[in-house]
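Novice: What would the 3D arrangement of this be:
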Amino acid sequence: MKILAAICVLAVGVSAQVGPSGIISPDGVNTQFSHDFASNIVLVGPSGIVTNTGDNRQLTAGEAELHVATQPVPMPVSFYVQKGSIGPSGIVSPTGANVQFTQAEADNTVLVGPSGIVREDGNNVQLNAEHHYARSKRDLVGSSGMILKDGTPVQFKSAGVKVLLDAPSGVVLTDGSLYQRRNKRDLVGPSGMILEDGTQIQFKSADVGVLLDGPSGVVLTDGSLYQRRNKRDLVGPSGMILKDGTQIQFKSADVGVLLDGPSGVVLTDGSLYQRRNKRDLVGPSGMILEDGTQIQFKSADVGVLLDGPSGVVLTDGSLYQRRSKRSLVGPSGMILDNGTQVQFTEAGTFILLEGPSGYVLSDGQLFQKSA
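Specialist: All right, here's what the predicted structure looks like:
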(Lines give C-alpha, C1' and ligand atoms only; values in the text may rest on other atoms or scores of the structure.)
Protein backbone atom coordinates (compact mmCIF):
# COMPACT_ATOMS: atom_id res chain seq x y z
CA MET A 1 0.00 0.00 0.00
CA LYS A 2 2.89 2.38 0.84
CA ILE A 3 4.51 1.61 -2.52
CA LEU A 4 1.23 2.29 -4.35
CA ALA A 5 0.80 5.60 -2.53
CA ALA A 6 4.35 6.61 -3.46
CA ILE A 7 3.66 5.80 -7.11
CA CYS A 8 0.46 7.88 -7.05
CA VAL A 9 2.30 10.86 -5.54
CA LEU A 10 5.04 10.52 -8.16
CA ALA A 11 2.51 10.33 -11.00
CA VAL A 12 0.81 13.51 -9.80
CA GLY A 13 4.14 15.28 -9.47
CA VAL A 14 5.36 14.52 -12.99
CA SER A 15 4.93 17.65 -15.12
CA ALA A 16 1.21 17.11 -15.43
CA GLN A 17 0.81 20.08 -17.78
CA VAL A 18 3.41 19.02 -20.38
CA GLY A 19 2.35 16.05 -22.47
CA PRO A 20 3.57 14.25 -25.62
CA SER A 21 1.41 16.40 -27.90
CA GLY A 22 1.41 19.83 -26.28
CA ILE A 23 1.30 22.08 -23.23
CA ILE A 24 -1.94 23.02 -21.51
CA SER A 25 -2.28 26.25 -19.52
CA PRO A 26 -4.92 27.26 -16.96
CA ASP A 27 -5.45 30.51 -18.84
CA GLY A 28 -6.56 28.55 -21.91
CA VAL A 29 -3.60 29.60 -24.10
CA ASN A 30 -2.47 26.08 -24.97
CA THR A 31 0.50 25.03 -27.12
CA GLN A 32 0.03 22.24 -29.70
CA PHE A 33 3.22 20.46 -30.81
CA SER A 34 3.70 19.70 -34.49
CA HIS A 35 3.73 16.04 -35.51
CA ASP A 36 7.48 16.13 -36.26
CA PHE A 37 8.35 17.78 -32.95
CA ALA A 38 6.16 15.36 -30.92
CA SER A 39 7.65 12.29 -32.61
CA ASN A 40 11.19 13.50 -31.83
CA ILE A 41 10.66 14.04 -28.08
CA VAL A 42 13.01 11.93 -25.96
CA LEU A 43 12.60 13.37 -22.47
CA VAL A 44 10.25 15.76 -20.66
CA GLY A 45 11.74 17.44 -17.59
CA PRO A 46 10.74 20.17 -15.13
CA SER A 47 12.39 22.95 -17.13
CA GLY A 48 12.28 21.82 -20.71
CA ILE A 49 11.84 19.20 -23.42
CA VAL A 50 14.71 17.29 -25.04
CA THR A 51 14.42 15.99 -28.63
CA ASN A 52 16.62 13.62 -30.58
CA THR A 53 17.20 16.28 -33.25
CA GLY A 54 18.59 18.85 -30.82
CA ASP A 55 15.60 21.15 -31.34
CA ASN A 56 14.99 21.40 -27.58
CA ARG A 57 12.22 23.45 -25.96
CA GLN A 58 12.93 25.55 -22.87
CA LEU A 59 9.91 26.11 -20.63
CA THR A 60 9.18 29.62 -19.50
CA ALA A 61 8.97 30.40 -15.78
CA GLY A 62 5.18 30.49 -16.06
CA GLU A 63 5.02 27.11 -17.82
CA ALA A 64 7.41 25.57 -15.29
CA GLU A 65 5.14 26.71 -12.46
CA LEU A 66 2.30 24.65 -13.93
CA HIS A 67 3.75 21.50 -12.37
CA VAL A 68 1.38 19.98 -9.83
CA ALA A 69 2.03 19.03 -6.17
CA THR A 70 5.64 17.89 -5.57
CA GLN A 71 8.72 18.95 -7.46
CA PRO A 72 8.51 17.18 -10.84
CA VAL A 73 11.21 14.78 -11.95
CA PRO A 74 12.32 14.04 -15.53
CA MET A 75 10.34 11.21 -17.10
CA PRO A 76 10.77 9.58 -20.54
CA VAL A 77 7.98 10.21 -23.02
CA SER A 78 7.23 6.45 -23.03
CA PHE A 79 5.69 7.09 -19.58
CA TYR A 80 2.69 8.60 -21.31
CA VAL A 81 2.16 5.50 -23.53
CA GLN A 82 0.48 7.66 -26.15
CA LYS A 83 -2.42 8.32 -23.79
CA GLY A 84 -2.06 12.04 -23.40
CA SER A 85 -1.59 14.05 -20.23
CA ILE A 86 -4.09 15.04 -17.51
CA GLY A 87 -3.70 18.11 -15.32
CA PRO A 88 -5.83 20.29 -13.03
CA SER A 89 -6.98 22.49 -15.91
CA GLY A 90 -7.59 20.01 -18.70
CA ILE A 91 -6.52 17.05 -20.81
CA VAL A 92 -4.04 17.10 -23.68
CA SER A 93 -4.67 14.27 -26.16
CA PRO A 94 -2.18 12.91 -28.73
CA THR A 95 -4.97 13.28 -31.31
CA GLY A 96 -5.30 17.01 -30.64
CA ALA A 97 -8.84 16.64 -29.22
CA ASN A 98 -7.97 18.50 -26.04
CA VAL A 99 -10.38 19.15 -23.15
CA GLN A 100 -10.30 22.47 -21.27
CA PHE A 101 -11.86 22.36 -17.78
CA THR A 102 -14.08 25.26 -16.77
CA GLN A 103 -13.10 27.26 -13.69
CA ALA A 104 -15.87 25.52 -11.73
CA GLU A 105 -14.63 22.08 -12.83
CA ALA A 106 -11.03 22.94 -11.95
CA ASP A 107 -12.04 24.21 -8.48
CA ASN A 108 -14.14 21.07 -7.93
CA THR A 109 -11.25 18.67 -8.74
CA VAL A 110 -9.68 16.91 -5.75
CA LEU A 111 -7.46 14.30 -7.41
CA VAL A 112 -6.46 13.47 -10.98
CA GLY A 113 -5.30 9.92 -11.72
CA PRO A 114 -4.63 7.78 -14.80
CA SER A 115 -8.10 6.19 -14.71
CA GLY A 116 -10.30 9.06 -13.62
CA ILE A 117 -10.91 12.34 -11.82
CA VAL A 118 -12.19 12.61 -8.24
CA ARG A 119 -14.50 15.58 -7.71
CA GLU A 120 -15.32 17.35 -4.47
CA ASP A 121 -19.08 17.06 -5.09
CA GLY A 122 -18.85 13.30 -5.64
CA ASN A 123 -19.58 13.42 -9.39
CA ASN A 124 -16.41 11.56 -10.35
CA VAL A 125 -15.31 11.04 -13.95
CA GLN A 126 -14.12 7.68 -15.32
CA LEU A 127 -11.59 7.82 -18.17
CA ASN A 128 -10.96 5.14 -20.75
CA ALA A 129 -7.57 3.84 -21.89
CA GLU A 130 -7.02 6.89 -24.13
CA HIS A 131 -7.89 9.37 -21.32
CA HIS A 132 -11.17 10.31 -23.01
CA TYR A 133 -14.59 10.76 -21.44
CA ALA A 134 -16.23 8.77 -24.22
CA ARG A 135 -16.84 5.15 -23.33
CA SER A 136 -16.63 2.30 -25.82
CA LYS A 137 -19.38 -0.24 -26.30
CA ARG A 138 -18.94 -2.86 -23.61
CA ASP A 139 -20.64 -5.64 -21.65
CA LEU A 140 -23.10 -4.67 -18.90
CA VAL A 141 -22.84 -6.86 -15.80
CA GLY A 142 -25.40 -6.93 -12.99
CA SER A 143 -26.15 -9.07 -9.95
CA SER A 144 -28.42 -11.52 -11.78
CA GLY A 145 -27.05 -11.49 -15.31
CA MET A 146 -25.28 -9.56 -18.04
CA ILE A 147 -25.80 -8.22 -21.55
CA LEU A 148 -22.89 -8.73 -23.91
CA LYS A 149 -21.89 -5.77 -26.09
CA ASP A 150 -23.31 -7.60 -29.13
CA GLY A 151 -26.75 -7.63 -27.43
CA THR A 152 -26.74 -11.23 -26.17
CA PRO A 153 -28.56 -11.47 -22.77
CA VAL A 154 -27.01 -13.87 -20.23
CA GLN A 155 -28.95 -15.04 -17.14
CA PHE A 156 -26.80 -16.13 -14.19
CA LYS A 157 -27.86 -19.53 -12.81
CA SER A 158 -27.06 -18.61 -9.20
CA ALA A 159 -26.54 -15.45 -7.15
CA GLY A 160 -22.75 -15.59 -6.74
CA VAL A 161 -21.83 -16.05 -10.37
CA LYS A 162 -19.24 -13.66 -11.85
CA VAL A 163 -17.16 -13.31 -14.99
CA LEU A 164 -14.08 -15.54 -14.79
CA LEU A 165 -12.63 -14.82 -18.24
CA ASP A 166 -13.62 -12.19 -20.79
CA ALA A 167 -12.07 -12.81 -24.22
CA PRO A 168 -12.73 -11.39 -27.71
CA SER A 169 -14.59 -14.55 -28.77
CA GLY A 170 -16.56 -15.37 -25.63
CA VAL A 171 -17.15 -15.13 -21.87
CA VAL A 172 -16.51 -17.82 -19.23
CA LEU A 173 -18.39 -17.52 -15.91
CA THR A 174 -17.28 -18.78 -12.50
CA ASP A 175 -19.89 -21.60 -12.66
CA GLY A 176 -18.24 -22.94 -15.85
CA SER A 177 -20.82 -21.55 -18.28
CA LEU A 178 -19.46 -20.42 -21.65
CA TYR A 179 -21.17 -17.82 -23.84
CA GLN A 180 -19.97 -17.20 -27.36
CA ARG A 181 -19.84 -13.68 -28.75
CA ARG A 182 -21.68 -13.45 -32.04
CA ASN A 183 -20.76 -11.73 -35.26
CA LYS A 184 -23.33 -10.25 -37.61
CA ARG A 185 -25.28 -13.23 -38.96
CA ASP A 186 -28.51 -14.43 -40.55
CA LEU A 187 -31.65 -14.43 -38.40
CA VAL A 188 -33.89 -17.48 -38.93
CA GLY A 189 -37.46 -17.77 -37.66
CA PRO A 190 -40.38 -20.22 -38.17
CA SER A 191 -41.82 -18.33 -41.16
CA GLY A 192 -38.77 -16.75 -42.76
CA MET A 193 -35.27 -15.34 -42.35
CA ILE A 194 -33.29 -12.13 -42.73
CA LEU A 195 -29.83 -12.46 -44.26
CA GLU A 196 -26.93 -10.51 -42.75
CA ASP A 197 -27.03 -8.16 -45.77
CA GLY A 198 -30.65 -7.24 -44.98
CA THR A 199 -32.35 -9.47 -47.59
CA GLN A 200 -35.73 -10.73 -46.30
CA ILE A 201 -36.86 -14.25 -47.22
CA GLN A 202 -40.40 -15.54 -46.72
CA PHE A 203 -40.68 -19.33 -46.35
CA LYS A 204 -43.31 -20.85 -48.69
CA SER A 205 -44.42 -23.45 -46.15
CA ALA A 206 -44.14 -24.09 -42.42
CA ASP A 207 -41.63 -26.94 -42.62
CA VAL A 208 -39.00 -25.10 -44.66
CA GLY A 209 -35.52 -24.68 -43.22
CA VAL A 210 -31.97 -23.91 -44.28
CA LEU A 211 -30.33 -26.78 -46.17
CA LEU A 212 -27.05 -25.06 -47.10
CA ASP A 213 -25.63 -21.71 -46.01
CA GLY A 214 -22.65 -20.53 -48.04
CA PRO A 215 -20.72 -17.28 -48.54
CA SER A 216 -22.59 -16.43 -51.76
CA GLY A 217 -26.10 -17.68 -51.04
CA VAL A 218 -28.58 -19.81 -49.09
CA VAL A 219 -30.32 -23.00 -50.24
CA LEU A 220 -33.57 -23.94 -48.46
CA THR A 221 -34.98 -27.43 -47.94
CA ASP A 222 -37.72 -26.77 -50.55
CA GLY A 223 -35.04 -26.12 -53.20
CA SER A 224 -35.28 -22.32 -53.17
CA LEU A 225 -32.00 -20.48 -53.74
CA TYR A 226 -31.37 -16.95 -52.47
CA GLN A 227 -28.29 -15.03 -53.52
CA ARG A 228 -26.42 -12.89 -51.03
CA ARG A 229 -26.06 -9.40 -52.39
CA ASN A 230 -23.00 -7.20 -52.51
CA LYS A 231 -23.09 -3.43 -52.63
CA ARG A 232 -25.05 -2.56 -55.78
CA ASP A 233 -26.54 0.24 -57.87
CA LEU A 234 -29.85 1.80 -56.83
CA VAL A 235 -32.20 2.58 -59.75
CA GLY A 236 -35.32 4.77 -59.49
CA PRO A 237 -37.81 6.29 -61.96
CA SER A 238 -35.86 9.55 -62.38
CA GLY A 239 -32.26 8.49 -61.87
CA MET A 240 -29.83 6.09 -60.23
CA ILE A 241 -26.97 5.99 -57.75
CA LEU A 242 -24.03 3.77 -58.68
CA LYS A 243 -22.49 1.64 -55.97
CA ASP A 244 -19.43 3.92 -55.98
CA GLY A 245 -21.65 6.89 -55.03
CA THR A 246 -21.94 8.47 -58.49
CA GLN A 247 -25.37 10.10 -58.98
CA ILE A 248 -27.01 9.94 -62.41
CA GLN A 249 -30.05 12.02 -63.39
CA PHE A 250 -32.14 10.53 -66.23
CA LYS A 251 -32.82 13.04 -69.03
CA SER A 252 -36.35 11.75 -69.65
CA ALA A 253 -38.94 9.62 -67.89
CA ASP A 254 -38.61 6.54 -70.11
CA VAL A 255 -34.84 6.11 -69.66
CA GLY A 256 -33.56 2.84 -68.18
CA VAL A 257 -30.39 0.79 -67.93
CA LEU A 258 -29.46 -0.88 -71.22
CA LEU A 259 -26.13 -2.38 -70.19
CA ASP A 260 -24.51 -2.61 -66.75
CA GLY A 261 -20.86 -3.65 -66.82
CA PRO A 262 -17.91 -3.68 -64.40
CA SER A 263 -16.48 -0.42 -65.81
CA GLY A 264 -19.60 1.57 -66.64
CA VAL A 265 -23.33 1.85 -67.33
CA VAL A 266 -25.04 2.44 -70.70
CA LEU A 267 -28.57 3.89 -70.60
CA THR A 268 -31.32 3.37 -73.18
CA ASP A 269 -30.89 6.96 -74.43
CA GLY A 270 -27.25 6.24 -75.30
CA SER A 271 -25.71 7.98 -72.28
CA LEU A 272 -22.57 6.35 -70.92
CA TYR A 273 -21.44 6.72 -67.31
CA GLN A 274 -18.04 5.48 -66.19
CA ARG A 275 -17.67 3.74 -62.86
CA ARG A 276 -14.95 5.35 -60.84
CA ASN A 277 -12.30 3.64 -58.78
CA LYS A 278 -10.69 5.29 -55.78
CA ARG A 279 -8.36 7.87 -57.28
CA ASP A 280 -6.23 10.93 -56.62
CA LEU A 281 -7.93 14.30 -56.20
CA VAL A 282 -6.01 17.19 -57.78
CA GLY A 283 -6.74 20.88 -57.15
CA PRO A 284 -5.04 24.20 -57.95
CA SER A 285 -3.00 24.29 -54.71
CA GLY A 286 -2.44 20.62 -53.95
CA MET A 287 -3.67 17.06 -54.23
CA ILE A 288 -4.84 14.14 -52.10
CA LEU A 289 -3.57 10.71 -53.15
CA GLU A 290 -5.97 7.77 -53.12
CA ASP A 291 -4.25 6.46 -49.96
CA GLY A 292 -5.08 9.71 -48.12
CA THR A 293 -1.65 11.37 -48.41
CA GLN A 294 -1.99 15.16 -48.66
CA ILE A 295 0.39 17.08 -50.93
CA GLN A 296 0.75 20.86 -50.88
CA PHE A 297 2.03 22.38 -54.14
CA LYS A 298 4.98 24.74 -53.58
CA SER A 299 3.88 27.16 -56.29
CA ALA A 300 0.74 27.94 -58.30
CA ASP A 301 1.93 26.48 -61.62
CA VAL A 302 2.81 23.02 -60.27
CA GLY A 303 1.02 20.00 -61.76
CA VAL A 304 1.38 16.23 -62.07
CA LEU A 305 4.15 15.21 -64.44
CA LEU A 306 4.03 11.45 -63.90
CA ASP A 307 1.51 9.35 -61.98
CA GLY A 308 2.62 5.77 -61.38
CA PRO A 309 1.58 2.86 -59.17
CA SER A 310 4.29 3.57 -56.59
CA GLY A 311 4.45 7.36 -56.56
CA VAL A 312 3.77 10.75 -58.13
CA VAL A 313 6.28 13.10 -59.76
CA LEU A 314 5.30 16.78 -59.99
CA THR A 315 6.42 19.28 -62.61
CA ASP A 316 8.72 20.99 -60.07
CA GLY A 317 10.61 17.71 -59.58
CA SER A 318 9.02 16.77 -56.25
CA LEU A 319 8.49 13.04 -55.70
CA TYR A 320 5.81 11.63 -53.40
CA GLN A 321 5.71 7.96 -52.56
CA ARG A 322 2.40 6.10 -52.43
CA ARG A 323 1.99 4.11 -49.28
CA SER A 324 0.79 0.52 -49.35
CA LYS A 325 -2.17 -0.70 -47.35
CA ARG A 326 -0.96 -1.41 -43.84
CA SER A 327 -2.10 -2.52 -40.44
CA LEU A 328 -3.65 -0.03 -37.99
CA VAL A 329 -2.59 -0.48 -34.35
CA GLY A 330 -4.33 1.11 -31.37
CA PRO A 331 -4.11 0.77 -27.58
CA SER A 332 -6.74 -2.00 -27.35
CA GLY A 333 -6.36 -3.83 -30.65
CA MET A 334 -5.38 -3.69 -34.29
CA ILE A 335 -6.82 -4.10 -37.78
CA LEU A 336 -4.59 -6.11 -40.12
CA ASP A 337 -4.06 -4.95 -43.69
CA ASN A 338 -6.42 -7.74 -44.83
CA GLY A 339 -9.26 -6.40 -42.65
CA THR A 340 -8.89 -8.92 -39.81
CA GLN A 341 -9.71 -7.35 -36.44
CA VAL A 342 -7.51 -8.35 -33.48
CA GLN A 343 -8.54 -7.59 -29.89
CA PHE A 344 -5.65 -7.35 -27.42
CA THR A 345 -6.28 -9.52 -24.36
CA GLU A 346 -4.45 -7.15 -22.01
CA ALA A 347 -3.34 -3.52 -21.87
CA GLY A 348 0.18 -2.77 -23.05
CA THR A 349 0.23 -5.41 -25.79
CA PHE A 350 2.21 -4.50 -28.88
CA ILE A 351 3.61 -6.08 -32.06
CA LEU A 352 6.77 -7.99 -31.17
CA LEU A 353 7.55 -9.29 -34.65
CA GLU A 354 6.03 -8.65 -38.07
CA GLY A 355 6.89 -10.96 -40.93
CA PRO A 356 5.60 -11.52 -44.47
CA SER A 357 3.17 -14.21 -43.30
CA GLY A 358 2.01 -13.03 -39.89
CA TYR A 359 2.39 -11.12 -36.62
CA VAL A 360 3.65 -12.15 -33.21
CA LEU A 361 2.35 -10.05 -30.31
CA SER A 362 4.18 -9.33 -27.07
CA ASP A 363 1.75 -11.63 -25.19
CA GLY A 364 2.70 -14.58 -27.44
CA GLN A 365 -0.34 -14.54 -29.73
CA LEU A 366 0.21 -15.28 -33.41
CA PHE A 367 -1.97 -13.90 -36.21
CA GLN A 368 -1.61 -15.13 -39.78
CA LYS A 369 -1.73 -12.78 -42.75
CA SER A 370 -4.01 -13.87 -45.55
CA ALA A 371 -2.54 -14.46 -48.97
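Novice: if I look at Met240, how far off is Asp316?
Specialist: Using CB to CB, to the nearest Å, we find Met240 at a distance of 41 Å from Asp316. Quick note: C-beta positions are derived from backbone N, CA and C, even for glycine.
Novice: Val171 too?
Specialist: Relative to Asp316, and taking CB to CB, Val171 is found at 58 Å.
Novice: Counting neighbours, go ahead and name the busier of those two.
Specialist: Val171 (20 against 12; other CB atoms under 10 Å).
Novice: where does the stretch 151-300 of the chain dip in pLDDT?
Specialist: 183-184, 230-231, 276-278 (pLDDT under 70).
Novice: how about 80 then?
Specialist: 151, 166-169, 180-185, 196-198, 214-216, 228-233, 243-245, 261-263, 274-281, 290-292 (pLDDT under 80).
Novice: Arg228: neighbour count?
Specialist: If we define neighbours as other CB under 10 Å, then Arg228 has 15 of them.
Novice: Does it touch Val219 like I think?
Specialist: No: look at Arg228 against Val219 with CB atoms under 8 Å: they stay out of range, at 11.7 Å.
Novice: How is the protein divided into domains?
Specialist: 2-126, 140-180, 193-227, 234-274, 281-321, 328-368 (automatic domain parsing).
Novice: And the residue nearest to Gln58 when sequence neighbours are not counted, what's its pLDDT?
Specialist: Among residues not flanking Gln58 along the chain, Gly48 sits closest, at 4.7 Å (CB to CB, 6 or more residues apart in numbering). On the pLDDT scale, Gly48 is placed at 80.
Novice: Could you count how many residues lie near Gly48?
Specialist: Count around Gly48 with other CB under 10 Å applied: 16.
Novice: Highest mean neighbour count across the domains of the chain, which stretch is it?
Specialist: domain 2-126 (a mean of 16; mean count of other CB atoms under 10 Å).
Novice: Distance check, the closest residue to Gln180 other than its chain neighbours against Ala253.
Specialist: Nearest residue to Gln180 in three dimensions, chain neighbours excluded: Gly170, at 4.7 Å (CB to CB, 6+ apart). From Gly170 across to Ala253, the span is 55 Å (CB to CB).
Novice: How about Asp233?
Specialist: In terms of CB to CB, Asp233 sits 19 Å off from Ala253.
Novice: farthest residue from the center of the chain?
Specialist: Asp254 (45.3 Å; CA atoms, centre = their mean).
Novice: tell me which element that one is part of?
Specialist: Under the criterion DSSP states H and E, no helix or strand holds Asp254.
Novice: residues contacting the spatially most central residue of the chain?
Specialist: Taking CA atoms, centre = their mean, the centroid of the chain lies closest to Gly330, which sits 7.4 Å from it. Neighbouring residues of Gly330 by CB atoms under 8 Å, 6 or more residues apart in numbering: there are none.
Novice: which residue sits closest to Gly239, ignoring its sequence neighbours?
Specialist: Here the residue nearest Gly239, using CB to CB, 6+ apart, is Gln249, at 4.6 Å.
Novice: Next: Tyr320.
Specialist: Per CB to CB, 6+ apart, closest to Tyr320 is Val312, 4.8 Å.
Novice: The one you found in helix, strand or coil?
Specialist: Three-state call for Val312 (DSSP: H, G, I helix; E, B strand; the rest coil): strand.
Novice: all helices for the chain, in order.
Specialist: Ranges of helices within the chain are 2-13, 35-39, 61-64, 103-108, based on DSSP state H.
Novice: any idea which of those scores lowest on pLDDT?
Specialist: Among these, helix 2-13 scores lowest, at a mean of 39.
Novice: what's near enough to touch the residue farthest from the centre of the chain?
Specialist: Counting by CB under 8 Å, 6+ apart, the residues that Asp254 touches are Thr268.
Novice: how near is it to Asp260?
Specialist: Counting by CB to CB - Asp254 and Asp260 are separated by 18 Å.
Novice: How about the closest residue in space to Val112 that isn't next to it in sequence: which residues does it bridge to?
Specialist: Leaving aside its chain neighbours, Val112 sits nearest to Ile86 (5.1 Å; criterion: CB to CB, 6+ apart). Beta bridges link Ile86 to Ile91 when assigned by DSSP bridges.
Novice: mind starting the numbering at 747 from now?
Specialist: I'll keep to 747 as the first residue from here, and by that count the last item is Ile832.
Novice: Is Ile832 in contact with Thr855, as I believe?
Specialist: No: in this structure, Ile832 is not within contact of Thr855 by CB under 8 Å, at 10.0 Å.
Novice: intersection of neighbour lists for those two?
Specialist: Counting by CB under 8 Å, 6+ apart, the shared contacts of Ile832 and Thr855 are Ile863.
Novice: Go ahead and confirm Gly765 touches Val838.
Specialist: Yes: when contacts are counted by CB under 8 Å, Gly765 is listed as touching Val838 (4.1 Å).
Novice: before we move on, the earlier item: tell me the contacts of the residue nearest to Gln926?
Specialist: So Gly916 contacts 924-927 (CB under 8 Å, 6+ apart).
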